[in-house]
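**Student:** here is a sequence together with a model predicted from it:
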Amino acid sequence: MVSLAAEPLSSNDVKKWSETRIETHKLQNRFRAQADQYDDVVVAFFAARDRYLQQVGYTRARFEDHERRISEAHDYILNRSDAIADKQERDATLAEAKAAPDPALDPETQEMIAMMRQVGTSEAEIQKMLDAMRRVPDVIAQSNAMMDDVDDQLYARVAPDIPAVEQWREELAMLYDWLAGNRADPPSL
């Protein structure tokens, strides 16, 4: 998804979005509490929200773009240690697969081949299995490269916004908890 803004979010952008999100959530709760007073409370809420967004200098598209960007950068910040650990685990798995001896020399594989021969498996089928086992490091390397590419693309998309979001990491976590109903009050900004 292409961002509406070509420039990175600033700390003030994150603060303004957070303040605005708190107020729009309060507005939503007021509409929910008075739902019986509207023919279509959802339409009424979004109309009121859009008017409020305009009053504070947002278009709906820009507000939603900031929401997406802040959320993606915040998620990235929270999950980066897991992503690093995952990459290290993938790299270790590849190193282990590359260091493994030829499958035909492995005692467990030799036992499996003997059982396959006992049940009448052809030598061609056994060789296909061994060839597939020998390709495991290449398959792991391809999979790792694809995962690394996905990680790189995600980082490239969120990297410009990380510094601003990082400054508000704790407040954003509290905000998301409040929005989810997991805390009584919104964060102080």
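**Tutor:** Happy to help now that I have it.
**Student:** where does pLDDT dip in this structure?
**Tutor:** 1-6 (pLDDT under 70).
**Student:** flag every buried residue along the longest helix along it.
**Tutor:** Counting residues, the longest helix found in the chain (DSSP state H) is helix 60-99. For helix 60-99, a neighbour-count test (16 or more other Cβ atoms under 10 Å) marks Phe63, Asp65, His66, Arg69, Ile70, Glu72, Ala73, His74, Tyr76, Ile77, Arg90, Leu94 as buried. Placement of C-beta: from N, CA and C, glycine included.
**Student:** ok, so of the residues you listed, who is nearest Arg169?
**Tutor:** Ile77 (5.9 Å; Cβ to Cβ).
**Student:** that closest one: what's it in contact with?
**Tutor:** Ile162, Val165, Glu166, Arg169 (Cβ atoms under 8 Å, 6 or more residues apart in numbering).
**Student:** next helix or strand past the longest helix of the chain?
**Tutor:** Counting by DSSP states H and E, the next helix or strand C-terminal to helix 60-99 is helix 107-118.
**Student:** other SSEs contacting that next one?
**Tutor:** helix 123-134 (3 or more Cβ pairs under 8 Å, 6 or more residues apart in numbering; DSSP states H and E).
**Student:** which residues touch the helix it packs on?
**Tutor:** With Cβ under 8 Å, 6+ apart, helix 123-134 has contacts from Asp102, Pro103, Ala104, Thr109, Ile113, Met116, Arg117.
**Student:** go ahead and confirm the third one touches Met112.
**Tutor:** No: applying Cβ atoms under 8 Å as the test, Ala104 and Met112 come out as separate, 10.8 Å apart.
**Student:** re the thing from before, and the buried ones among the contacts of Ile77, selectable in PyMOL?
**Tutor:** Listed next is the PyMOL selection for buried residues among these, using 16+ other Cβ under 10 Å:
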select buried, resi 162+165
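**Student:** CSV for the contacts of helix 123-134, including neighbour count and distance to Gln127?
**Tutor:** Converted to CSV, the contacts of helix 123-134 look like this (neighbours: other Cβ atoms under 10 Å; distance: Cβ to Cβ, whole Å):
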residue, neighbour count, distance to Gln127
Asp102, 10, 13
Pro103, 18, 11
Ala104, 13, 9
Thr109, 17, 12
Ile113, 19, 10
Met116, 15, 11
Arg117, 12, 12
